[in-house]
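Trainee: Sequence first, predicted model second:
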Number of protein chains: 2
Amino acid sequence: MKIAFCYPDPAATAWFEELRAALPEAEWEDWSADPTPGPGRSGRAEYAVAWAPPQAFIDLHPALKVLLNIGAGVDALMKLRLPASLMLVRLDDAGMAVQMAEYVCHYLIRHVREFDQFQTAARSGQWQQGRPTDRADHPVGIMGLGVLGERVAQAVRQFEFPVLGWSRLPKQVEGVRCFHGQGQLNDFLSATRVLVCLLPLTPETRDLLGQATLSRLRPGGYLINVARGGLLVEEDLIRLIDSGHLAGAALDVFRTEPLPAGHPFWSHPAIQVTPHISARTLRRDSITQIAGKIRALRRGESVAGVVEWERGY
Amino acid sequence: MKIAFCYPDPAATAWFEELRAALPEAEWEDWSADPTPGPGRSGRAEYAVAWAPPQAFIDLHPALKVLLNIGAGVDALMKLRLPASLMLVRLDDAGMAVQMAEYVCHYLIRHVREFDQFQTAARSGQWQQGRPTDRADHPVGIMGLGVLGERVAQAVRQFEFPVLGWSRLPKQVEGVRCFHGQGQLNDFLSATRVLVCLLPLTPETRDLLGQATLSRLRPGGYLINVARGGLLVEEDLIRLIDSGHLAGAALDVFRTEPLPAGHPFWSHPAIQVTPHISARTLRRDSITQIAGKIRALRRGESVAGVVEWERGY
């Protein structure tokens, strides 16, 4: 078995060595630095392990049967010309779900319990208790109920917030009031005050979070976006915050990353910017999962995380 | 049944009216504003519902059999001269446990995931991902494994942190490595990096968190105190942070409250000050619990939260 590896990241060498150690029965080729043929490169690999490979990497591997994506989101891959017979497999969880749960619960509690206001008061030496907030007034709506969305819902539930969920197709999640499809989107939004976005970026979901949707949230709404920047119309968010309809947002992903210098998000007092760190891809967990999936596929077994071309994730 | 009420709080009238509505079979007397006898005041109540009553309130009610404390901590009551036959009953939970869990998880995640550093970087327009932190490097030690401590432990566990617990007497809590008594305190501390204090304030626990104990925490330790200010030797904490052994602290309680103007905690960059809001006493939940306990005691049943004089809580 030949496996081609392509990962444009400073840690590529460490990943390559650990992947080789995890699957020593394979013949590995590292295309990370330069995706062109050369000495010791056959271009005949049937498997690839890659993150955001260039088109040249795909074109030089006509024998590819399976590409394992180093990440949960495959929107970057979907921009390439890929053979229709290629099986794409994404990471499912691999230590990311609990990190997402941490991120979402942190910003949810920080917002609802007004910890930033306490911090500001403290910095000027003010002991101001204010009035207690009631979590019943802050129903949390989670868009996307896959592995990550379910884990986040579970974490939010245990703090006793009302939890709603929305997904493309009908789902049932314990303790979550579930909505689905375009037909129930408005009902979901108007019952939600803190909106958590975990949707994949597809042609259907691009720009989904804009004036028409965000304005339906309950007054004083708050957005937590840990999915992809392309889901959000950034100017609409700013307009809705500045008009007072939304209270603010915690954003980990942006239409352009890194977020460009001078972008209004950087300095907006009601927007918390983090540099796409809500869920880091953990090398050890990811490699264990990738190696397990390759072995399962070789034995003819099915694996989780196979991308459906039609839905785009 | 006569019940005397004493609550030096701006919301006393609302509490009094709702308590009367919850227990209409009792004859209620409000001593909140002025704890001296007067028209319509018999001083013959057998029950009292009170928070931090003055000594005069106790002295004027020689028939008192049961005092229900509006709060979980009874350290203020224990400073009074009380008849040895008086049964003290404290609130157990009443909506406080989940608030404590929110507070602790928020500051735990904020510290371990370095969200304040991201915020500082963002304010100067810096996209700096840094290296991922590993929660295995941040074992969380919880001092006090009562109703509140167990609830906090459960919340921290679901974010997959290693959790340790310490209590006066042996306890078993699922998923928590439990230590107890003075004999195991040092082992507990040296295995802990983030210390969460939920102990009651008693003569035994006063000043427990000082140089000798906090210096045993793993390097880079962090303190979250949501119990009582008297547990902590404030100068020792500052010294251990400034020397670099501890990374910082989130403090909700202080030796003097409100925290005095000019206190070094206000401006210390590694200390987060909140104004004793980690768990607000929720009126509706508390009144339901107090009414239920009074009715149970009248039927001769036992209730939770009875203070043991010897242990002091």
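Mentor: Sure thing, it's come through.

Trainee: Tell me the first helix or strand C-terminal of the particular helix or strand that has residue A:240 in it.
Mentor: Residue A:240 belongs to helix A:234-242 when elements are defined using DSSP states H and E. Where DSSP H and E defines the elements, the next helix or strand beyond helix A:234-242 is strand A:246-251.

Trainee: residues from the stretch 151-300 of chain A in reach of chain B?
Mentor: Residues of the stretch 151-300 of chain A lying close to chain B (Cβ under 8 Å from any Cβ of the partner chain) are A:154-155, A:158-160, A:257-259, A:261-262, A:266-267, A:272-277, A:280, A:282. All C-beta spots, glycine's among them, are computed from the backbone N, C-alpha and C.

Trainee: The same query, at a cut-off of 10 Å, please.
Mentor: A:151, A:154-155, A:158-161, A:250-252, A:254, A:257-263, A:265-267, A:269, A:271-283 (Cβ under 10 Å from any Cβ of the partner chain).

Trainee: In strands, which of the residues you listed appear?
Mentor: With strands defined by DSSP state E, the entries of these inside them are A:250-251, A:271-273.

Trainee: Chain B: which of the residues you listed is nearest?
Mentor: residue A:273 (4.2 Å; Cβ to the nearest Cβ).

Trainee: give me the element the nearest residue to that closest one once chain neighbours are set aside is part of.
Mentor: The shortest distance from residue A:273 to any non-neighbouring residue, by Cβ to Cβ, 6 or more residues apart in numbering or on different chains, is to residue B:122 (4.2 Å). Applying DSSP H and E as the criterion places residue B:122 in helix B:115-123.

Trainee: Check residue A:17 too.
Mentor: With DSSP H and E as the test, residue A:17 turns up in helix A:12-22.

Trainee: Pull the residues that contact that helix.
Mentor: Helix A:12-22 is contacted by residues A:3, A:5-7, A:9, A:11, A:26-33, A:49, A:51, A:68, A:70, A:281, A:283-284, A:286-288, A:290-292, A:294-295 when judged by Cβ atoms under 10 Å, 6 or more residues apart in numbering or on different chains.

Trainee: related to what we said a few turns ago, what is the nearest of the ones in strands among the residues of the stretch 151-300 of chain A next to chain B to residue A:200?
Mentor: residue A:251 (17.3 Å; Cβ to Cβ).

Trainee: what kind of secondary structure is the residue positioned nearest the centre of chain A in?
Mentor: Nearest to the mean C-alpha position of chain A, by Cα atoms, centre = their mean, lies residue A:227 at 3.6 Å. Assigned by DSSP: H, G, I helix; E, B strand; the rest coil, the conformation of residue A:227 is coil.

Trainee: Pop out the phi and psi values for it.
Mentor: Torsion angles at residue A:227 (phi, psi; degrees, to the nearest 10) stand at phi -100, psi -90.

Trainee: per-residue pLDDT, it?
Mentor: What the model reports as pLDDT for residue A:227 is 97.

Trainee: In space, what's closest to residue A:128 - neighbours in sequence excluded?
Mentor: Spatially, and ignoring its direct neighbours in sequence, residue A:128 is nearest to residue A:121 (4.7 Å; Cβ to Cβ, 6+ apart).

Trainee: For burial, what's the neighbour tally of that neighbour?
Mentor: 19 (other Cβ atoms under 10 Å in any protein chain shown).

Trainee: do residue A:184 as well
Mentor: By other Cβ under 10 Å, 14 other residues sit near residue A:184.

Trainee: Chain B versus that one, what's the distance?
Mentor: Distance, residue A:184 to chain B, by Cβ to the nearest Cβ, to the nearest Å: 29 Å.

Trainee: those helices in the stretch 201-313 of chain A, which residues are they?
Mentor: Using DSSP state H, counting those that start in this stretch, the helices of the stretch 201-313 of chain A run over A:211-214, A:234-242, A:264-267, A:283-298.

Trainee: mean confidence for the last one?
Mentor: Helix A:283-298 shows a mean pLDDT of 95.

Trainee: can you list contacts of it?
Mentor: Helix A:283-298 is contacted from outside by A:1, A:3, A:11, A:14-15, A:18-26, A:46-47, A:49, A:65-66, A:68-71, A:87, A:89, A:91-96, A:280, A:282, A:301-306, B:132, using Cβ under 10 Å, 6+ apart.

Trainee: buried subset of those residues?
Mentor: Buried by 16 or more other Cβ atoms under 10 Å in any protein chain shown: A:3, A:15, A:18-20, A:22-23, A:26, A:47, A:49, A:66, A:68-71, A:89, A:91-96, A:280, A:282, A:303, A:305, out of the contacts of helix A:283-298.

Trainee: what inclination does the helix holding residue A:17 have with respect to helix A:283-298?
Mentor: Compare the direction of helix A:12-22 with that of helix A:283-298 by axes from the mean of the first three to the mean of the last three Cα atoms, to 10 degrees and you get 50 degrees.

Trainee: Show me what the next helix-or-strand element following helix A:12-22 is packed against.
Mentor: Heading C-terminal from helix A:12-22, the first helix or strand you meet, by DSSP H and E, is strand A:27-30. Contact analysis of strand A:27-30 by 3 or more Cβ pairs under 10 Å, 6 or more residues apart in numbering or on different chains; DSSP states H and E lists strand A:2-6, helix A:12-22, strand A:47-50 as its packing neighbours.

Trainee: do that again at 8 Å, thanks
Mentor: Applying 3 or more Cβ pairs under 8 Å, 6 or more residues apart in numbering or on different chains; DSSP states H and E, one finds that strand A:27-30 contacts strand A:2-6, helix A:12-22.

Trainee: one step back: verify the contact between the residue nearest to residue A:128 and residue A:129 for me.
Mentor: No: Residue A:121 lies out of contact with residue A:129 (Cβ atoms under 8 Å); the separation is 9.5 Å.

Trainee: what do these two both touch?
Mentor: Listed contacts common to residue A:121 and residue A:129 are residue B:275; contacts here mean Cβ atoms under 8 Å, 6 or more residues apart in numbering or on different chains.

Trainee: so residue A:105 is in which element?
Mentor: Using DSSP H and E, residue A:105 sits within helix A:96-112.
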